[in-house]
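Undergrad: Mind folding the following:
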Amino acid sequence: MLSGDTGAAKSIVGQALAVAATAGEPWLGRDVYARRVLYVDEENPRRTAKGRLRALDVPPDSHDRLRYANRKGLAIGDGGASDAWLEKHLREFEPDLIIIDTLMAATAIDDQNSNPEAVRMMKHLRALAERFTCAVLVLHHERKQSKDHPKSSGQAAMGARQLIGQADAHMTLTVESEFSEDETDRGTFETRRTFKFRPAEKDREGGVNGVRCVAVTSEREANRRLIWMRVEDEGPVEGEAGLDEKIIDALAEADAPLTRAELAAICGERNAENPSGYFTSTLRALKEDGDVTKPDRSHFALSEQGERRVEARGAAF
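TA: Residues are numbered from 1 along each chain as shown. Okay, the predicted model is just below:
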């Protein structure tokens with residue numbers, strides 16, 4: 001799953017992945033092994049999608065490697081016409097990667113806050129991935145900030161926690177800079193905006209969640225038509241360790257399981273005995289996602305999954 005707030009370039013980053021895969025090129029500094037991509041886009045108007053793909057330089061001979069279904073009224077998981085359409089394309093096209101844009105727009109989830117419904121949908125998508133030997137990337141919106149749901153990229157995904165809990169990996173995008181636009185001497189406009197990309201808010205294989213800067217740049221004609229667009233990894237963002245990483249590091253360095261108050265004190269909470277909602281929800285999410293376990297009612301420790309996450313981060317550096 002790749003989640004982000006409105007305007008966090010989820011679709012652009014997903015479309016850039018589709019283009020990179022069909023062109024056999026890296027994506028955000030990572031090798032891409034998928035070559036055939038089925039993109040289910042129920043989010044973006046046809047004109048917007050076509051303009052971006054052209055500007056991202058989709059290969060002219062990509063028709064046998066990229067199928068882009070735009071606003072066909074699909075609701076994956078409906079048990080009817082949408083599922084029949086999807087299975088037909090999976091059998092005929094045999095994609096390596098399916099990109100669903102977005103979860104709420106393109107699937108048959110009625111109540112996004114229902115954990116049982118979230119489990120049902122994610123199991124359905126996982127079964128398709130297993131059956132047709134492909135990967136599935138779901139793009140998903142973030143919820144609005146509140147006391148119970150603070151603006152933490154690892155927990156801001158909209159709806160039931162099991163949408164993240166059932167995913168094998170969770171990536172996030174958050175806006176870093178304001179949108180800038182400068183007129184060129186050619187009468188066109190060059191645009192730029194940067195985002196913080198966290199590639200492993202959750203990763204069952206213990207991926208490294210170092211914060212990266214992703215820049216989306218483009219050039220537009222005076223009538224707003226895109227000339228070119230680029231999505232590029234500009235390297236790590238220094239000093240951006242998230243609270244989830246601080247909690248995991250504290251547990252990894254401890255000689256024994258820690259209480260919530262002990263963890264809160266290590267992580268810099270002002271009132272360790274009554275930590276903030278941000279801290280509490282982060283700790284709860286780590287437990288739900290399987291990185292943290294409770295050996296007894298009052299102590300927390302790393303799970304085997306959490307230990308693998310720490311080991312993988314150490315190996316990367």
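Undergrad: what residue ranges in the stretch 51-200 of the chain are flagged as low confidence?
TA: Along the stretch 51-200 of the chain, the parts satisfying pLDDT under 70 run over 144-156.
Undergrad: Show me where it has its helices.
TA: All helices of the stretch 51-200 of the chain, identified by DSSP state H, counting those that start in this stretch, fall at 81-93, 103-106, 115-132, 162-165.
Undergrad: which helices and strands does the first one pack with?
TA: The one in question is helix 81-93. strand 37-41, strand 66-70, helix 115-132 (3 or more CB pairs under 8 Å, 6 or more residues apart in numbering; DSSP states H and E). Every residue, glycine included, has its C-beta placed from N, CA and C.
Undergrad: right, so the ones you listed: which one is the most enclosed?
TA: strand 37-41 (a mean of 26; mean count of other CB atoms under 10 Å).
Undergrad: Run me through the strand neighbours of that one, direction for each.
TA: strand 66-70 (parallel), strand 97-101 (parallel) (DSSP bridges).
Undergrad: Nearest to Ser3 among the ones you listed would be which one?
TA: With CB to CB, the closest approach to Ser3 among these belongs to strand 97-101: 12.1 Å.
Undergrad: Just want the angle from that closest one to helix 81-93.
TA: 150 degrees (axes from the mean of the first three to the mean of the last three CA atoms, to 10 degrees).
Undergrad: how far is strand 97-101 from where the chain is centred?
TA: 12 Å (CA atoms, centre = their mean, to the nearest Å).
Undergrad: Would you mind putting the CA coordinates of that strand into PDB?
TA: C-alpha atoms of strand 97-101 as PDB (Å, rounded to 0.1, in the frame of the first residue of the first chain):
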ATOM      1  CA  LEU A  97       2.000  -5.700 -11.300                       C
ATOM      2  CA  ILE A  98      -1.500  -4.300 -10.700                       C
ATOM      3  CA  ILE A  99      -1.800  -0.700  -9.500                       C
ATOM      4  CA  ILE A 100      -5.200   0.200  -8.000                       C
ATOM      5  CA  ASP A 101      -5.800   4.000  -7.900                       C
END
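Undergrad: where exactly do the strands run in the stretch 101-250 of the chain?
TA: All strands of the stretch 101-250 of the chain, identified by DSSP state E, counting those that start in this stretch, fall at 135-141, 169-175, 180-183, 189-203, 212-220, 226-236.
Undergrad: Adding distance to Ala265, write the helices and strands packed on helix 81-93 out as TSV.
TA: Formatted as TSV, those follow (distance: least, CB to CB, whole Å):
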stretch	distance to Ala265
strand 37-41	47
strand 66-70	51
helix 115-132	32
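Undergrad: Tell me who's in contact with Met229.
TA: The neighbours of Met229, taking CB atoms under 8 Å, 6 or more residues apart in numbering as the test, are Ile12, Arg52, Ala55, Leu56, Val216, Thr217, Ser218.
Undergrad: And His124, by the same measure?
TA: Contacts of His124 (CB under 8 Å, 6+ apart): Ile76, Gly77.
Undergrad: can I assume Gly29 is in contact with Pro236?
TA: No - counting by CB atoms under 8 Å, Gly29 does not reach Pro236; the two are 10.5 Å apart.
Undergrad: list the residues that contact both of the two?
TA: Joint contacts of Gly29 and Pro236 (CB under 8 Å, 6+ apart) are Arg212.
Undergrad: one step back: rebuild the strands paired with strand 37-41 as JSON lines, extending it with distance to Ala84.
TA: Below are the strands paired with strand 37-41 laid out as JSON lines (distance: least, CB to CB, whole Å):
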{"stretch": "strand 66-70", "distance to Ala84": "14"}
{"stretch": "strand 97-101", "distance to Ala84": "16"}
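Undergrad: if I pick Ala55, what's in contact with it?
TA: Per CB under 8 Å, 6+ apart, neighbours of Ala55: Ser218, Leu226, Ile227, Trp228, Met229.
Undergrad: how near is it to Pro199?
TA: 24 Å (CB to CB, to the nearest Å).
Undergrad: and what of Glu288?
TA: 20 Å.
Undergrad: who's more crowded, the two?
TA: The residue with more neighbours, out of Glu288 and Pro199, is Pro199; 20 against 16, by other CB atoms under 10 Å.
Undergrad: thought that one was touching Val211?
TA: No - counting by CB under 8 Å, Pro199 does not reach Val211; the two are 9.0 Å apart.
Undergrad: With just CA atoms, put stretch 49-64 into PDB.
TA: Extracted in PDB, the C-alpha atoms of stretch 49-64 (Å, rounded to 0.1, in the frame of the first residue of the first chain):
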ATOM      1  CA  ALA A  49      -4.100  10.500 -16.900                       C
ATOM      2  CA  LYS A  50      -3.200  10.600 -20.600                       C
ATOM      3  CA  GLY A  51      -1.300  13.900 -20.200                       C
ATOM      4  CA  ARG A  52       0.800  12.600 -17.400                       C
ATOM      5  CA  LEU A  53       1.700   9.300 -19.100                       C
ATOM      6  CA  ARG A  54       2.800  11.200 -22.200                       C
ATOM      7  CA  ALA A  55       4.800  13.700 -20.200                       C
ATOM      8  CA  LEU A  56       6.400  10.900 -18.200                       C
ATOM      9  CA  ASP A  57       7.600   9.500 -21.500                       C
ATOM     10  CA  VAL A  58       5.700   6.200 -21.700                       C
ATOM     11  CA  PRO A  59       7.400   4.100 -24.400                       C
ATOM     12  CA  PRO A  60       5.600   4.300 -27.700                       C
ATOM     13  CA  ASP A  61       5.700   0.500 -28.100                       C
ATOM     14  CA  SER A  62       4.400  -0.100 -24.600                       C
ATOM     15  CA  HIS A  63       0.900  -1.300 -25.600                       C
ATOM     16  CA  ASP A  64       1.800  -4.900 -25.000                       C
END
